[in-house]
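[1] What follows is a predicted protein model with its sequence.
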Amino acid sequence: MSNQSESSRRSRKGAMQPTLNDVAREAGVSSITVSRYFNSPDSVREATRLKVEAAIEKVGYVRNLIAGSLASASSRVIPVIVPSLSNVVFIDVIKGLQEEFEAHGYQLLLGKTDYDLARETQLIRTFLGWSAAGLVVTGLRHDEATRQILEHWNQPIVEIMELGEGLDLNVGMDHVAAGRAMTEHLLARGYRTIHFAGAELDRDYRAAMRYAGHREALAAAGIEEAPLLDLPVRQQMTSGAQALERIRESHPDCDAIHFANDDMACGAILAAARLGVSIPDDIAIAGFNGLPIGEHVTPRLTTIVSPREQIGRVAARKLLARIQGEPVGELSHDLGFTLRVGDST
């Protein structure tokens with residue numbers, strides 16, 4: 001991916017943020033009616049409410065919740081939106097963000113989406129209304145309502161965890177390359193019937209990107225089949241145990257499983273002892289993220305180590321530089337990854 005200059009990406013920078021009058025004009029009602037919609041929605045007829053809500057979404061309006069002379073000022077609060085707070089991956093990212101922000105007098109406002117883009121829109125509408133100084137949001141994929149809001153919002157934004165064409169700043173790693181690297185490792189070890197196992201890949205699309213890299217590596221080795229087990233529910237270690245059992249039953253010739261994350265991979269390793277499966281002699285197991293648990297299971301897990309805390313720190317530094325009017329360098333910052341070879345492959 002080619003680097004972009006600081007001035008080339010953000011065409012929205014300097015755009016006028018939509019006002020209450022813009023909403024009224026779009027809805028074909030008075031600004032007083034729009035104000036009444038916010039302050040006393042029950043007093044507005046349903047048909048009018050629907051028109052106002054449609055106009056709000058279309059123009060990307062965010063209500064400023066700080067009244068009076070403070071309404072045009074930025075607070076020292078920075079919202080951070082992540083998919084999950086039960087996943088240690090995002091806890092590590094938050095740690096890096098929080099330490100950098102607090103060192104510069106900013107406080108973090110935290111929200112989780114549960115991998116739901118509509119919920120992301122709701123969080124952004126609420127958080128930006130408090131005159132946030134900037135925004136950190138996970139991923140590059142947003143629904144149209146979110147994109148409309150952020151295109152008209154004049155404060156800096158950092159999208160984290162992946163790389164690509166974003167709204168503003170972008171800090172992460174190449175997930176396709178990570179998936180490709182692990183599968184190349186498995187191929188180099190002599191494994192040929194390699195399955196990829198994940199859960200809810202339609203929502204966990206970064207895992208789906210790693211599967212795309214997995215397929216690329218197999219195709220480059222002349223292997224056309226790239227079997228995928230996509231479980232319907234994400235249950236961390238339990239999902240890994242289920243995946244091992246199902247793949248062993250349906251594809252007894254499978255000699256390696258490339259898991260979407262370490263939780264599933266470690267769940268498979270723990271289940272293997274109960275099932276009488278020897279790893280890696282009967283089947284190899286590989287993961288992603290480089291979580292500490294992978295170093296404590298037997299055999300030690302082969303995994304891709306993602307730079308989670310560093311992603312948080314670099315994202316925070318770039319956002320703070322933009323807030324303070326300082327140069328940020330490259331808009332997209334690739335922090336890379338590390339292949340850590342254990343005994344499970």
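    Happy to help now that I have it. Because the structure is predicted, anything quoted here is derived from the model rather than measured.
[2] can we go C-alpha only for contacts and neighbour counts from here?
    Noted.
[3] For the stretch 151-300 of the chain, which segments count as strands?
    If DSSP state E, counting those that start in this stretch is used as the criterion, the strands of the stretch 151-300 of the chain fall at 157-162, 169-173, 194-199, 228-231, 256-259, 284-286.
[4] Same list (the ones you listed) but as CSV, adding mean neighbour count, mean pLDDT and distance to Thr338.
    CSV is the format used below for the strands of the stretch 151-300 of the chain (neighbours: other Cα atoms under 10 Å; pLDDT from 0 to 100; distance: least, Cα to Cα, whole Å):
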stretch, mean neighbour count, mean pLDDT, distance to Thr338
strand 157-162, 25, 97, 15
strand 169-173, 27, 97, 11
strand 194-199, 25, 97, 19
strand 228-231, 16, 97, 24
strand 256-259, 28, 98, 16
strand 284-286, 29, 98, 13
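[5] Distance to Leu117 for the ones you listed - can I get that in CSV?
    Shown next, in CSV, are those (distance: least, Cα to Cα, whole Å):
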stretch, distance to Leu117
strand 157-162, 14
strand 169-173, 18
strand 194-199, 17
strand 228-231, 20
strand 256-259, 24
strand 284-286, 29
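[6] Tell me how many other residues surround Thr298.
    Thr298 has 15 neighbours, counted by other Cα atoms under 10 Å.
[7] mind listing the helices for the chain?
    Secondary structure of the chain, counting by DSSP state H: helices at 20-27, 31-39, 46-59, 88-103, 117-128, 144-151, 175-188, 205-220, 237-250, 262-275, 308-323.
[8] for those, which one sits closest to Arg300?
    Relative to Arg300, the nearest member of the helices of the chain by Cα to Cα is helix 262-275, separated by 9.1 Å.
[9] Could you tell me the angle between that closest one and helix 237-250?
    60 degrees (axes from the mean of the first three to the mean of the last three Cα atoms, to 10 degrees).
[10] who's in contact with stretch 224-243?
    Contact with stretch 224-243 is made by 194-201, 214-215, 218, 247, 259, 263-272, as judged by Cα atoms under 8 Å, 6 or more residues apart in numbering.
[11] Quick check: which ranges of the stretch 51-200 of the chain have low pLDDT?
    64-74 (pLDDT under 70).
[12] at 50 what do you get?
    Counting by pLDDT under 50, the ranges of the stretch 51-200 of the chain that qualify are 68-72.
[13] so what's the backbone phi/psi at Thr19?
    When read as degrees, to the nearest 10, the backbone of Thr19 gives phi -110, psi 170.
[14] pretty sure it contacts Tyr61?
    Yes. Look at Thr19 against Tyr61 with Cα atoms under 8 Å: they come within range, at 6.5 Å.
[15] the more surrounded of those two?
    Tyr61 (24 against 17).
[16] Grab the nearest non-local neighbour of the more buried one.
    For Tyr61, ignoring the flanking residues on the chain, the nearest one in space by Cα to Cα, 6 or more residues apart in numbering is Pro18 at 5.2 Å.
[17] And that neighbour, how close does it get to Leu169?
    22 Å (Cα to Cα, to the nearest Å).
[18] Then Ala178?
    Ala178 sits 21 Å away from Leu169, going by Cα to Cα.
[19] ditto for Ala103
    From Ala103 to Leu169 the distance is 21 Å (Cα to Cα).
[20] And Ala24, by the same measure?
    Distance, Ala24 to Leu169, using Cα to Cα: 32 Å.
[21] One more: His175?
    Taking Cα to Cα, one finds His175 at 18 Å from Leu169.
[22] repeat for Ala272
    From Ala272 to Leu169 the distance is 43 Å (Cα to Cα).
[23] got the contact list for Phe337?
    So Phe337 contacts Met173, Ala178, Ile304, Val305, Ser306, Pro307 (Cα under 8 Å, 6+ apart).
[24] ugh, wrong one, Asp22
    Contacts of Asp22 by Cα under 8 Å, 6+ apart are Val59.
[25] Ok, which of the strands of the stretch 151-300 of the chain comes nearest Thr121?
    Relative to Thr121, the nearest member of the strands of the stretch 151-300 of the chain by Cα to Cα is strand 157-162, separated by 14.6 Å.
[26] re earlier: from the contacts of Phe337, which single one is nearest Asp143?
    Nearest member of those to Asp143, counting by Cα to Cα, is Met173, at 22.0 Å.
[27] which residues touch that closest one?
    Neighbours of Met173 in contact, by Cα under 8 Å, 6+ apart: Met161, Glu162, Leu163, Ser306, Asp334, Leu335, Gly336, Phe337.
[28] His142 and Tyr115 touch, don't they?
    No. With contact defined as Cα under 8 Å, His142 does not reach Tyr115; the gap is 10.7 Å.
[29] hang on, isn't Pro327 packed against Ala321?
    Yes. Judged on Cα under 8 Å, Pro327 makes contact with Ala321 at a distance of 6.5 Å.
[30] These two: who's more crowded?
    Using other Cα under 10 Å as the criterion, Pro327 and Ala321 rank with Ala321 on top: 15 against 10.
[31] Tell me how far the closest residue to Ile223 other than its chain neighbours lies from Ala55.
    Nearest residue to Ile223, sequence neighbours excluded (Cα to Cα, 6+ apart): Arg192, at 7.9 Å. For Arg192, the distance to Ala55 (Cα to Cα) stands at 55 Å.
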